[in-house]
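K.L.:
Sequence first, then the predicted structure, then my questions.
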Amino acid sequence: MRAVPSPLTGYVRAVLPKRRTGIARPGTVPEAVAVAPPAVARPERLRRYRELCGLPADGRPEAELPLLWPQTAAFPLTLGLLARRDFPVPLPGLVHVANEVERLRTLPVGAPLGLRVWLGRPFPHPRGTVFPVHTEALAHDVVVWRSVAEYLRRGLVAVDTALDRAVAGSGAAPRALKGASEDSPIQGEFAAAADVGRAYGAVSGDRNPIHLFALTARPFGYRRAIAHGMWTAARAFGALEAAHAAGPAPGPSPMAGSLWARVEFRAPVLLPARLTLAAGPAERDGSEAVQHDAGSLVLAVTDAVTGRSHLRAELRPLPPSSP
């Protein structure tokens, strides 16, 4: 296995021309697997990540890594795959619409984690085609964390309409869910500063121009720079932890231990912005049976001024995996 590549290499490849087609076939995505050898999170980088995302500061080797940290660590590998010349669509045309994560066991800060990333089979979406990206984190060659990130190419037609999320490897999106509203038991508010895109880009390596300045975002159709979706999700989880800890009887954090989460990005956050968090127990249609539903939470992030929905997420505890 080789070292994690520089994101700069991926961005250079992304701007090179490639053959374009209007159709996505399952066989068109490269079958390559990107890997990185086991490594411990750099303390200063992790500290800065926690600070930016409003997560509790804890530098002890036995402390738990944040839920979305492995996704951040694997970003250069993801970028390298999406920017390949044989990937069927240009990187600038992809929109990150959802992320599904499973933390199968506690991930200590001091534990070396290997990373493995590959591309799944594209599947249809009402607005085009989704290209899933699978990521795994491994400790001693055992998968301890995994995710599927969904990237949408608008207007692209998927040939095989029988492909669905089950085939692609991600779970079904939450349906018939209630529990996150202005009356939710958990409420919070946080700011998305004008420079948060640049700050998070420095930590994550994701320096996409749409996140940096209004000037660099305008050619892509945005009036101002927009926040990274993964920052918005991590910051929402930080606000959830803070609101939970401030409660009358906080108990264990809802972000601790083995966990399943699905995040859906509804609309970009134009910077700067003030955002509100609402979270509450998931309420499902009685006809829908879901495993591990006990203790699940639904989160919603909206604009504090306009009320526009930016993010919706669900969290569910999982039974811990065997060591």
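P.N.:
Arrived safely, thanks for sending.
K.L.:
Could you measure from G197 over to V89?
P.N.:
Distance from G197 to V89, counting by C-beta to C-beta, to the nearest Å: 23 Å. In this view, the C-beta of every residue, glycine as well, is placed from N, C-alpha and C.
K.L.:
the more surrounded of the two?
P.N.:
G197 (28 against 22; other C-beta atoms under 10 Å).
K.L.:
Pretty sure that one sits against P209.
P.N.:
No - contact criterion C-beta atoms under 8 Å: G197 and P209 do not qualify, at 9.6 Å.
K.L.:
Show me the shaky parts of this protein.
P.N.:
1-27, 59, 61, 156-184, 249-250, 283-294, 321-323 (pLDDT under 70).
K.L.:
residue boundaries of the helices in the stretch 201-323 of the chain?
P.N.:
For the stretch 201-323 of the chain, applying DSSP state H, counting those that start in this stretch gives helices covering 214-217, 229-245.
K.L.:
Could you dump these into a markdown table and include distance to H140 and mean neighbour count?
P.N.:
Formatted as a markdown table, these follow (distance: least, C-beta to C-beta, whole Å; neighbours: other C-beta atoms under 10 Å):
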| stretch | distance to H140 | mean neighbour count |
| --- | --- | --- |
| helix 214-217 | 42 | 16 |
| helix 229-245 | 26 | 22 |
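K.L.:
Looking at those, spot the one closest to T106.
P.N.:
Shortest separation from T106 across the helices of the stretch 201-323 of the chain is recorded for helix 229-245, at 15.6 Å, computed as C-beta to C-beta.
K.L.:
So what's the gap between the closest one and the chain middle?
P.N.:
12 Å (C-alpha atoms, centre = their mean, to the nearest Å).
K.L.:
Repeat that for stretch 62-71.
P.N.:
With C-alpha atoms, centre = their mean as the basis, stretch 62-71 stands 13 Å off its chain's centre.
K.L.:
Would you mind listing the buried residues in that stretch?
P.N.:
For stretch 62-71, burial by neighbour count (16 or more other C-beta atoms under 10 Å) applies to A63, E64, L65, P66, L67, L68, W69, P70, Q71.
K.L.:
Surely the last one touches A149?
P.N.:
Yes - taking C-beta under 8 Å as the contact criterion, Q71 and A149 are neighbours in contact, 7.2 Å apart.
K.L.:
anything in contact with each of the two?
P.N.:
Shared contacts of Q71 and A149, defined by C-beta atoms under 8 Å, 6 or more residues apart in numbering, comprise N99, T135.
K.L.:
OK, contacts around the closest residue to I226 other than its chain neighbours?
P.N.:
Leaving aside its sequence neighbours, I226 sits nearest to P268 (C-beta to C-beta, 6 or more residues apart in numbering; 4.1 Å). Neighbour list for P268: Y222, I226, A227, H310 [criterion: C-beta under 8 Å, 6+ apart].
K.L.:
Looking at those residues, which one is closest to R235?
P.N.:
Taking these together and measuring to R235 by C-beta to C-beta, the closest member is A227, at 8.3 Å.
K.L.:
Any figure for the gap between the closest residue to the closest one other than its chain neighbours and A193?
P.N.:
Excluding the flanking residues, the one nearest A227 by C-beta to C-beta, 6+ apart is V269, at 4.0 Å. Shown here: V269 relative to A193, a distance of 11 Å by C-beta to C-beta.
K.L.:
Pick out whichever of these two has more residues nearby.
P.N.:
V269 (25 against 14).
K.L.:
From F190, how far off is that one?
P.N.:
11 Å.
K.L.:
joint contacts of the two?
P.N.:
L275.
K.L.:
which residue ranges form the strands in the stretch 151-300 of the chain?
P.N.:
157-158, 186-192, 259-265, 273-281, 297-303 (DSSP state E, counting those that start in this stretch).
K.L.:
Could you list the buried residues of the fourth one?
P.N.:
For strand 273-281, the buried set under the neighbour-count rule, 16+ other C-beta under 10 Å, comprises A273, L275, T276, L277, A278, A279, G280, P281.
K.L.:
any idea how far the residue nearest to the first one when sequence neighbours are not counted is from R153?
P.N.:
Nearest in space to A273, with sequence neighbours left out and distances taken as C-beta to C-beta, 6+ apart, is A192 at 4.4 Å. Taking C-beta to C-beta as the measure, A192 and R153 are separated by 26 Å.
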